[in-house]
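>>> let me see the structure of the following:
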Amino acid sequence: MSHVFVIQNPNLANIHIPETQQFFRLPEKLSGKFIRVPVAADFRLPEHLALELNQAQCDFALLPDIAFDQIKLIVSDMDSTLITIECIDEIAAQAGLKDQVSAITERAMRGELDFEQSLRSRVALLAGLPESVLQKVYDTALQLTDGAEFLLQQCHKHGVTFVLVSGGFTFFTDKLKTRLGFEHAFANVFEVEKDVLTGRVLGRVIDAQAKADILNEFKQKLGGYTVAIGDGANDIPMIQAADFGMAFHAKPKTQAAAKLTINYNGLDALCNWFQV
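Prediction:
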């Protein structure tokens with residue numbers, strides 16, 4: 001199988017990578033968002049060129065030169081991946097507890113705390129909040145990550161199954177499923193009594209193992225190449241289980257576990273690793 005070295009930047013025309021351009025014999029004037037360079041499978045990028053590309057805020061990777069429509073499954077995290085926020089932190093803000101909850105969230109995403117225990121402790125702090133705060137967060141705080149809509153458009157166009165798996169909550173995943181037109185979403189369920197959050201979660205918590213299990217279940221049904229993308233430590237098992245595991249603006253531990261990293265581009269960069 002042929003391989004390709006891909007360089008991505010939101011605007012290649014504005015970057016300065018003279019040594020890299022000379023090494024690959026790239027055009028003097030670059031344009032667009034990405035460039036694909038055929039290379040040998042055993043190609044290794046010299047460290048000084050990797051430094052130059054990072055200084056120019058480029059995402060880059062060596063990977064098999066395959067078409068996007070050969071991908072059969074993309075499994076994505078939600079918070080800080082498909083969307084820009086951590087929903088539980090924004091819900092906590094409605095109770096004046098954002099700093100307290102976000103500190104726990106940050107430690108959990110770095111892999112310093114057990115995810116399920118940290119989730120239950122954070123949800124317990126939300127007890128007594130009206131269920132209506134969920135809609136308020138969706139309406140006022142939730143934003144799609146740059147490139148998210150393009151990614152879903154490409155999935156629809158090329159017949160790629162998109163699955164959203166989240167340590168967040170079904171209130172938000174269900175709305176995004178309807179909004180973006182994908183079929184499968186898995187997340188945690190708030191317990192609600194008389195329109196008030198009880199501070200408890202119903203059923204199995206969608207933790208790191210659950211995410212990997214869901215990916216493997218769909219992989220067995222669909223075959224073909226699989227992609228997993230996320231930002232936190234609870235995404236590592238599914239990232240490692242996928243053919244192409246991607247860390248998206250991720251914590252260091254997650255980046256170290258991933259084959260591909262996206263640090264400077266949006267979610268459309270996922271598509272650009274492949275022939276579209």
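>>> drop to CA atoms for contacts and neighbour counts, all remaining ones
Fine.
>>> which residues touch Ala124?
Ala124 sits next to 198-200 when contact means C-alpha atoms under 8 Å, 6 or more residues apart in numbering.
>>> columns distance to Val133, neighbour count and pLDDT on top of these, output as TSV?
Shown next, in TSV, are those (distance: C-alpha to C-alpha, whole Å; neighbours: other C-alpha atoms under 10 Å; pLDDT from 0 to 100):
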residue	distance to Val133	neighbour count	pLDDT
Thr198	13	20	98
Gly199	14	18	97
Arg200	16	19	97
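>>> just give me the closest of these to Phe68.
Nearest to Phe68 among the contacts of Ala124: Arg200, at 40.5 Å, using C-alpha to C-alpha.
>>> the closest one: what's it in contact with?
Arg200 sits in contact with 120, 123-124, 127, 190-191, where contact means C-alpha under 8 Å, 6+ apart.
>>> picking that back up, from the contacts of Ala124, which land in strands?
Among those, DSSP state E puts 198-200 in strands.
>>> what subset of the contacts of Arg200 is buried?
Buried residues within the contacts of Arg200, counting neighbours by 16 or more other C-alpha atoms under 10 Å: 123, 127, 190-191.
>>> among the residues you listed, which ones are in helices?
Val123 (DSSP state H).
>>> which one of the buried ones among the contacts of Arg200 is nearest Lys221?
Closest to Lys221, out of all of those and judged by C-alpha to C-alpha, is Phe190, at 29.5 Å.
>>> excluding covalently adjacent residues, which one is nearest to that closest one?
Val201 (4.9 Å; C-alpha to C-alpha, 6 or more residues apart in numbering).
>>> per-residue pLDDT, that neighbour?
On the pLDDT scale, Val201 is placed at 97.
>>> same question, Glu106
According to the prediction, Glu106 has pLDDT 92.
>>> looking at this structure, which helix is longest?
If you go by DSSP H, the chain has its longest helix at helix 208-222.
>>> give me the mean pLDDT for the next helix or strand after that one.
Once the chain leaves helix 208-222, the next helix or strand it forms, by DSSP states H and E, is strand 225-230. Taken as a whole, strand 225-230 has a mean pLDDT of 98.
>>> re earlier: contacting residues for the residue nearest to Phe190?
So, once contact is read as C-alpha under 8 Å, 6+ apart, Val201 ends up touching 120, 123, 188-191.
>>> distance check, it against Gln117.
Distance from Val201 to Gln117, counting by C-alpha to C-alpha, to the nearest Å: 11 Å.
>>> likewise Gly159?
Counting by C-alpha to C-alpha, the gap from Gly159 to Gln117 is 37 Å.
>>> now render the ones in strands among the contacts of Ala124 as CSV, adding distance to Asp65.
Output for those, formatted as CSV (distance: C-alpha to C-alpha, whole Å):
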residue, distance to Asp65
Thr198, 50
Gly199, 48
Arg200, 46
